[in-house]
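Participant: With the input below, show me the fold.
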Amino acid sequence: MKTALITGANKSIGFETARILAGHGYFVYIGCRDLAKGQQAVEQLKADGLTTLEALQIDVTDKASIEAAQQYVEQNNGKLDVLVNNAGISGSLPQSAETFEVSAIREVYDTNFFGVIEVTQAFLPLLKKAEAGVIANVTSGLGSLTLHSDPSWPYYPYKTAAYGTSKSALNAYTIVLAYELRDTPIRVNAIDPGYTATDFNNHQGPLKVEDSAAFVAKYAVIGADGPTGKFFSHDAQTENNECPW
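Facilitator: Have a look, this model is predicted:
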């Protein structure tokens, strides 16, 4: 049985992505900072008839927590087939480049950027043991420098000194990691679920969480012949949903 870990999976897009992967026959670890909330999520999915799930305590800003989670998965499964780096925070708004506190920017980066790197580096040895590992870094269209330079883009005015730039950094890391793993069967991509109505944005997005989770899951279950080093967006009006960096 293939095994997947989704960080920040006790609610919203991460939760629905876990539902989809479990439905596809994966054993899914629902990664969460609060284990009790993770267990509640597991019980909810099991009540819907899904059984191959387990809550896993992991705080992506806590190295000891990451190492403990990695050791648990290694002891119980020996490998990891899919890593979905979904955990993220927006930070308080507005985020002016002139005035937003550097400490607040660091807090966002700790989760959205450095946390992804630490989790990925910790689990890479297990992904390399899989027949064809997958890393899906959940990003945002707000991380696209090309789109942010285009005044005709619908979200052009939505500039954020912490959130958007943290996703731009994540995209850059995705490119570097995909290049380094180019001669392996591990696929690495940046996936933007689109502007989705969740508690992350006070349910303001036009997309449904179930549809956006399906978009993320689509790129989480690719094989060794799948794309790598790409940026896909649910909002993109392009062939194959590719988004400009």
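Participant: wouldn't residue 93 be in contact with residue 160 here?
Facilitator: Yes: under the criterion of CB atoms under 8 Å, residue 93 makes contact with residue 160 at 7.3 Å. No exception for glycine: its C-beta is placed from N, CA and C like everyone else's.
Participant: what's the neighbour count on residue 227?
Facilitator: Look at residue 227: counted by other CB atoms under 10 Å, it has 14 neighbours.
Participant: now do residue 15
Facilitator: 22.
Participant: Quick check: the gap between it and residue 72.
Facilitator: Separation of residue 15 from residue 72 (CB to CB, to the nearest Å): 20 Å.
Participant: hmm, back to that, more neighbours: which of residue 93 and residue 160?
Facilitator: Each of residue 93 and residue 160 has its neighbours counted (other CB under 10 Å); residue 160 has more, 23 against 12.
Participant: So that one sits against residue 142, correct?
Facilitator: Yes: the criterion here is CB under 8 Å, and residue 160 meets it with residue 142 at 6.5 Å.
Participant: list the contacts for the residue sitting nearest the centre point of the chain?
Facilitator: Residue closest to the mean C-alpha point of the chain, counted by CA atoms, centre = their mean, is residue 86 at 2.5 Å. Taking CB atoms under 8 Å, 6 or more residues apart in numbering as the contact definition, residue 86 lies against 6-9, 13-14, 17, 138, 216.
Participant: tell me which strands and helices the longest helix anywhere in the chain is in contact with?
Facilitator: Secondary structure assigned by DSSP state H gives helix 163-180 as the longest helix of the chain. Here helix 163-180 touches helix 102-109, helix 115-127, strand 134-138, strand 187-192, going by 3 or more CB pairs under 8 Å, 6 or more residues apart in numbering; DSSP states H and E.
Participant: Count the residues that sit near the closest residue to residue 134 other than its chain neighbours.
Facilitator: In space, and not counting its chain neighbours, residue 134 is closest to residue 82: 4.7 Å by CB to CB, 6 or more residues apart in numbering. The number of residues packed near residue 82 is 27, by other CB under 10 Å.
Participant: any idea how far residue 38 is from residue 82?
Facilitator: 17 Å.
Participant: Likewise for residue 166?
Facilitator: Distance, residue 166 to residue 38, by CB to CB: 24 Å.
Participant: Kindly report the same for residue 45.
Facilitator: 11 Å.
Participant: Give me the contacts around stretch 228-241.
Facilitator: 139, 141, 144, 171, 174-175, 178-179, 181-182, 186-196, 207, 211-212, 215, 219, 242-245.
Participant: What of stretch 32-47?
Facilitator: 8-11, 15, 18-19, 22, 30-31, 53-59.
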